[in-house]
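J.: Pasted the sequence and its predicted model underneath.
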Amino acid sequence: MTYCVGLLLNDGMVLLSDTRTNAGLDNIATYRKMFTFEEPGERVIVILTAGSLSITQTTIAELREAIDDPEATPETSIMLAPTLLKVAEVVGDTLGRVRRSVDEKLSTMRQGASASLIVAGQRKGGAMRMFLVYPEGNFIEATEDTPFLQIGEHKYGKPILDRVVRPSTSLDDAQKAVLLSMDSTLRSNLSVGMPLDLAVVRAGECRVSHTRRFEAGDADFTRISKAWSKALQDSFLKIRI
């Protein structure tokens, strides 16, 4: 399983994903789940993936092939699509088609597979937008009322986002929020694991402004995790009933 989260804020977007793929307790591997497509200053798109690796890898591969196709059009390439809404439609159509194909192959074994994506980005002259794309290819969009989206094992990391994330949240605080959200998930679910991939997109820059990979034992992540645990313990002890 996995956990991916994206925040859509006034100052930009912050995205975080884990890298663990779990096909049983004795078959755990590491695969990147964050993919970046950009023409700096013109367009940036970040895609986070969760679910069946066969579906997500094929979907990303087909999106890349469509970009490189000499006959690519705004209807087929996310790097030519006129709006981020159209980008979400292209990604959704690709995901839905791939999922149906995989499902058909697995049907003889009475099995199925599923996957979901977060698609975030901005094009020059346009607004930042972020979408959650469902396995069937339909999608919803992050809004001012709900400025974050999650896929995978999202329930453990949701409470802190509900409490602290607002559109006005700074990018520094947003990075702290997603890391603590991930920390809560790591503590409660063994199917989510390090390394972690972080990306920051500043509003109007149309490029990935900052990236970082947090390996197991990363000093900064460990410090944040310990400080959060202590803060929770101290606050718990102060509450009276």
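T.: Sure thing, it's come through.
J.: rest of the way, CA atoms for contacts and neighbours
T.: Fine.
J.: where's residue 65, which helix or strand?
T.: helix 53-68 (DSSP states H and E).
J.: tilt between whichever helix or strand comes after that helix and helix 53-68?
T.: The helix or strand immediately downstream of helix 53-68 is helix 84-106, counting by DSSP H and E. Inter-element angle recorded for helix 84-106 and helix 53-68: 130 degrees (by axes from the mean of the first three to the mean of the last three C-alpha atoms, to 10 degrees).
J.: and helix 84-106, what other elements does it pack with?
T.: Other helices and strands packing on helix 84-106, by 3 or more C-alpha pairs under 8 Å, 6 or more residues apart in numbering; DSSP states H and E, are helix 53-68, strand 115-123, strand 129-133.
J.: May I see those organised as JSON lines, with mean pLDDT and distance to residue 193 added?
T.: JSON lines is the format used below for the helices and strands packed on helix 84-106 (pLDDT from 0 to 100; distance: least, C-alpha to C-alpha, whole Å):
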{"stretch": "helix 53-68", "mean pLDDT": "97", "distance to residue 193": "16"}
{"stretch": "strand 115-123", "mean pLDDT": "98", "distance to residue 193": "18"}
{"stretch": "strand 129-133", "mean pLDDT": "98", "distance to residue 193": "22"}
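J.: Distance to residue 91 added to these, as JSON lines?
T.: JSON lines is the format used below for the helices and strands packed on helix 84-106 (distance: least, C-alpha to C-alpha, whole Å):
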{"stretch": "helix 53-68", "distance to residue 91": "7"}
{"stretch": "strand 115-123", "distance to residue 91": "8"}
{"stretch": "strand 129-133", "distance to residue 91": "8"}
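J.: tell me the most buried of those?
T.: strand 115-123 (a mean of 27; mean count of other C-alpha atoms under 10 Å).
J.: That strand versus helix 84-106: what angle between them?
T.: 160 degrees.
J.: Check the offset of strand 115-123 from the chain's centre.
T.: 7 Å (C-alpha atoms, centre = their mean, to the nearest Å).
J.: try stretch 149-156
T.: Stretch 149-156 sits 10 Å away from the centroid of its parent chain (C-alpha atoms, centre = their mean).
J.: from here on, count from 441
T.: Taking 441 as the first residue, the last one we looked at is stretch 589-596.
J.: Sounds good, over and out.
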